[in-house]
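Chemist: need a 3D model of the sequence below.
(one chain, ligands or ions: 1)
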Amino acid sequence: MFHSKYPDYSRMRDRSKRNIPKFVFDYLEGGCFDNIAVEANRRAFRNIKLAPQYLKPFKGCDLSTTLFGKTYQAPFGIAPIGLQGLIWPNAPVILAKAAKDHNIPYILSTVSSDSIETIVNIAEENAWFQLYNPVDETIQDAIFSRLKACGYKNLVVTVDIPTFGFRPNDIANGLTMPPKFSLNNFIDVCRVPKWGLSTLKHGIPRFKNLEPYMKERKLDLPEMMRIMAMGKVDVDGLKRIRDKWPGNLIIKGVCSKVDLNLIKEINADGIIVSNHGGRQLDASESPIELLNKITPGDLPSNLQIMMDSGVRSGVDVATALASGASFTFLGRFFMYAVSALGNKGGDHAIELLNAQLTQVLEQIRCEKPSQLSEFIVK
Ligand SMILES: Cc1cc2nc3c(=O)[nH]c(=O)nc-3n(C[C@H](O)[C@H](O)[C@H](O)COP(=O)(O)O)c2cc1C
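Modeler: Predicted structure coming up:
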């Protein structure tokens, strides 16, 4: 059962704000430029309506959802978040464990503070890996070898960072590459001693996936980030990855009709329609709006269409599925939960979403998430 003090996103967010330093909260909360895309993501959800079918027979609902041949307990998962361990110490481990216990996917970011090997030991087959494509193909090969050796089946390639997002709060707070730790940030940390002590206990967060390559090549962080994240992810780059990766290939960050059209050339297994939670392009279309513009036949029938960006509750999960997604991911929702409730945050977030989504399905009389498209008001 979820914690009754935090029955929604905004209460978790408010608690998180009191628990973590301001520069960390700003990093988690912020979009880019004027936060227009973040707001647009929310506005778009508000415009989608579901039509209840009260007069129809109803046998009860079951949230379980099958994706790439595996049945998860619900149609949502944990989106990749870079530097998760900076936001809350040990967050990757807390969330990976919750994902395993509740049987939902956990996507590990390339720039996570925990390693490929650590996370798969915890989340087992619920661990997916998100790749920022390295410029240097030998690093890409090394990462693929590690993923294969420990049994990852799902590779999520993020395509929406051709440049680093322009985030005024992070710039003003010195959260740049390399980070500048100012006196203000220090004062900020003193305000939240629990976070500070816990960070010391778990160790200052490091890019554990990348460290081996940084050490080998004696690269500093900015150069490493460029080499790690700026490899080609146009159609040719993705085709090369397709040739090398035998498991499921999922393209994350598709957010325009042009890219939806080009995706057919790649033979991917799935896409995550996403605008990175509004953190890259402030003039971006919101994923939920784009989903509603896709018509049957636009995309190959075997391509799994997933989405993220702006999902804040069970009703948002339901409207995203009603709009044509087969699965949704949430980023900030899980991070606010962990930074509000610590070790219990992952379980809380999943149990809260389960309760909310169940309420919506029972309310509209929908038995399975896969039937939600029959309930959308056109
Ligand atoms: C603090 C933060 C860090 C993120 N880091 C990554 C990352 O390393 N890789 C990635 O593909 N997406 C990253 N994202 C984007 C998320 O995976 C996801 O697309 C986004 O959070 C969804 O929007 P939401 O936060 O409104 O749910 C990050 C998002 C946030 C908020």
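Chemist: quick check on the closest residue to the ligand within the chain: phi, psi?
Modeler: Distances between the chain and the ligand by Cβ to the nearest ligand atom are smallest at Gly331, namely 2.1 Å. Where C-beta positions appear, they are placed from N, C-alpha and C, glycine not excepted. Note on Gly331: backbone dihedrals following degrees, to the nearest 10 are phi -100, psi -70.
Chemist: let me see the contact set for it.
Modeler: 79-81, 277, 308-309 (Cβ atoms under 8 Å, 6 or more residues apart in numbering).
Chemist: now with 10 Å, please.
Modeler: Shown in contact with Gly331 (Cβ atoms under 10 Å, 6 or more residues apart in numbering): 28, 78-81, 84, 107, 274, 276-277, 279, 308-311.
Chemist: next one: Lys293
Modeler: With Cβ under 10 Å, 6+ apart, Lys293 has these contacts: 257, 260, 285, 323-324.
Chemist: can you pick the most crowded of these?
Modeler: Ser323 (24 neighbours; other Cβ atoms under 10 Å).
Chemist: can you name the residues of the chain that neighbour the ligand?
Modeler: Selection of the chain residues close to the ligand by Cβ under 6 Å from any ligand atom yields 27-28, 79-82, 109, 111, 130, 158, 252, 274, 276-277, 279, 308-311, 330-333.
Chemist: just give the number of residues close to the nearest residue to Leu67 once chain neighbours are set aside.
Modeler: The shortest distance from Leu67 to any non-neighbouring residue, by Cβ to Cβ, 6 or more residues apart in numbering, is to Phe327 (5.5 Å). Using other Cβ under 10 Å, Phe327 has 26 neighbouring residues.
Chemist: and whichever strand in the chain runs longest, what does it pack onto?
Modeler: When the chain is parsed with DSSP state E, its longest strand is strand 248-254. Applying 3 or more Cβ pairs under 10 Å, 6 or more residues apart in numbering; DSSP states H and E, one finds that strand 248-254 contacts strand 127-131, strand 154-158, helix 235-244, helix 257-262, strand 270-273, helix 287-291, strand 304-307.
Chemist: the same query, at a cut-off of 8 Å, please.
Modeler: strand 154-158, helix 235-244, strand 270-273 (3 or more Cβ pairs under 8 Å, 6 or more residues apart in numbering; DSSP states H and E).
Chemist: direction included, what does the last one pair up with?
Modeler: Under the criterion DSSP bridges, strand 270-273 sits next to strand 248-254 (parallel), strand 304-307 (parallel) in its sheet.
Chemist: okay, those in JSON lines with mean pLDDT next?
Modeler: Output for these, formatted as JSON lines (pLDDT from 0 to 100):
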{"stretch": "strand 248-254", "mean pLDDT": "98"}
{"stretch": "strand 304-307", "mean pLDDT": "98"}
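Chemist: TSV for those, including mean neighbour count?
Modeler: What follows is the strands paired with strand 270-273, written out as TSV (neighbours: other Cβ atoms under 10 Å):
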stretch	mean neighbour count
strand 248-254	23
strand 304-307	23
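Chemist: how about these in a markdown table, adding distance to Arg46?
Modeler: Below are the strands paired with strand 270-273 laid out as a markdown table (distance: least, Cβ to Cβ, whole Å):
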| stretch | distance to Arg46 |
| --- | --- |
| strand 248-254 | 23 |
| strand 304-307 | 16 |
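Chemist: for these, which one sits closest to Tyr9?
Modeler: strand 304-307 (17.1 Å; Cβ to Cβ).
Chemist: beyond the closest one, next helix or strand please.
Modeler: For strand 304-307, the following helix or strand on the C-terminal side (DSSP states H and E) is helix 314-322.
Chemist: since that was my last question, I'll sign off now.
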